[in-house]
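>>> could you work out the structure for the sequence below:
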Amino acid sequence: MNELVKGIKADLTDRRMLPLVGLVVAALIAALAYAALGGSSSSTTSPLPSPSPAGSALTHGIAVTEDQQASTEAVAETTDGVKVQRHGASHDPFRLLPSSITGNRPASTSSTSVSTATSSSASSTGSSPGALSPGGSPTSSGPTTPGAAKPHRQAKPRTVYHVALEFGALPADPTTEPTALTPYSALSKATPLPSPKDRLIEFVGVTVTHSGKSASFAIDGELILSGSGTCLPSAAQCQVVDLPQGASEQMEYFSPSTGTVVKYELRVVSIASSRATAAAVRGVRHAQGLIEHGLLSKGGALRLAGLRFSSLAGVLVFAPRHHASSARASRTRGR
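Now for the predicted structure:
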């Protein structure tokens, strides 16, 4: 054994082997130095993570540490959550754990401010037509809620006829200069003449036929008529007199209070239609309702004349059972 060791020693100490022995010794020294320096640096740069108080409070017996990976990866709620997957308390998977909220507070604050600025800019540009959203897509210029109020449909125009006429007493002596008649500029409602107290004739409405329009007056007193009007239903039984535009009618009335005959004249100046408000139409219909009960009852002037009120306020038409040719009597002169 000693001879073997001595032989190896003699071979190593040989002058030809000295460079190789020196190279092997240098390699061993370098390996030992790398092992010593690498172990110390790894032990100092990777300390053990400290347990998070907020994370450990959510677990049952096992400490939960905060994940040091990127925030884009999923964060586990617990490490022993298998036992509460079916029978434990539910938890919103989209709600971050308290440890994640604490660690990422600056990022969440900045994202909140960015989203707030984005929503405010989107609301300010949404009112203008053709505005672009933050993603580049055009936004609507008006409200898109399902319960938004629809535009109000305009009501159909209402037509009301207005009759301008003149009425008054004539002088008893034909040689006397006649006095001016009282003007009535725009009659659309039922109006007694000359007054509600001393009514002789009453404007009831405008009769509309295929041949034209005429103002209709119901006879309330014992009158002797003469003029260009048309008596309804006949000249012998004159209940209603129709006067077209520009026509006139004279009537004689015996006054019991004075014992004299008073002569009146009625002139229709114009018949025109116009659009009216809902309040004006209601007023015409109210006055129409006050006279319908008497004039359209059995023996009433309008019923005997074959007239009735139409759907338009203040407009008279012939009843279906009466023909215009038979309802209109011949014009009377000097009755």
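
>>> and whichever strand or helix holds residue 184, what other elements does it pack with?
Assessed by DSSP states H and E, residue 184 sits inside strand 182-187. Judged by 3 or more Cβ pairs under 8 Å, 6 or more residues apart in numbering; DSSP states H and E, strand 182-187 is in contact with strand 158-170. Every residue, glycine included, has its C-beta placed from N, CA and C.

>>> tell me the mean pLDDT over the strand it packs on?
Averaged over strand 158-170, pLDDT sits at 91.

>>> angle of that strand against strand 182-187?
Computed by axes from the mean of the first three to the mean of the last three Cα atoms, to 10 degrees, the angle separating strand 158-170 from strand 182-187 equals 170 degrees.

>>> direction included, what does strand 158-170 pair up with?
Sheet partners assigned to strand 158-170 using DSSP bridges are listed as strand 182-187 (antiparallel), strand 260-276 (antiparallel).

>>> can you say which of those strands is nearest to residue 164?
Closest to residue 164 of the strands paired with strand 158-170 is strand 260-276 (Cβ to Cβ; 4.2 Å).

>>> check contacts around residue 160.
By Cβ atoms under 8 Å, 6 or more residues apart in numbering, the contact list for residue 160 reads 188, 273, 274, 275, 276, 280, 281, 284, 313, 314.

>>> on that earlier part again, how about residues contacting the strand holding residue 184?
162, 163, 164, 165, 166, 167, 168, 191, 194, 203, 269.

>>> about what we covered before: of all the strands paired with strand 158-170, which lies closest to residue 20?
Closest among the strands paired with strand 158-170, using Cβ to Cβ: strand 260-276, at 123.9 Å.

>>> buried residues, the following helix or strand past the closest one. List them.
Using DSSP H and E, the helix or strand that follows strand 260-276 in sequence is helix 278-295. Burial within helix 278-295, assessed by neighbour count using 16 or more other Cβ atoms under 10 Å, is assigned to 280, 281, 283, 284, 287, 288, 291, 292, 295.

>>> again, but for stretch 244-260
Neighbour-count burial for stretch 244-260 [16+ other Cβ under 10 Å]: 244, 245, 247, 248, 249, 250, 251, 253.

>>> now the strands: where do they sit in the protein?
158-170, 182-187, 191-194, 199-209, 212-219, 223-227, 230-233, 238-243, 248-255, 260-276, 307-309, 315-318 (DSSP state E).

>>> pairing partners for the last one, with directions?
According to DSSP bridges, strand 315-318 has the following sheet partners: strand 199-209 (parallel), strand 307-309 (antiparallel).

>>> then the fifth one?
Within its sheet, and counting by DSSP bridges, strand 212-219 is paired with strand 199-209 (antiparallel), strand 238-243 (antiparallel).

>>> and among these, the most buried is which?
Stretch with highest mean neighbour count among these: strand 238-243 (a mean of 23; mean count of other Cβ atoms under 10 Å).

>>> tell me the mean pLDDT over it?
Strand 238-243 comes out at a mean pLDDT of 93.

>>> what angle do strand 223-227 and that strand make with each other?
30 degrees.

>>> okay, now the unreliable bits of the stretch 1-150 of the chain?
1, 12, 15, 38-91, 97-150 (pLDDT under 70).

>>> hang on, the earlier thing: report the lowest-confidence entry in the buried residues of stretch 244-260.
residue 253 (89).

>>> isn't residue 312 up against residue 159?
Yes - taking Cβ atoms under 8 Å as the definition, residue 312 is a contact partner of residue 159 at 6.2 Å.
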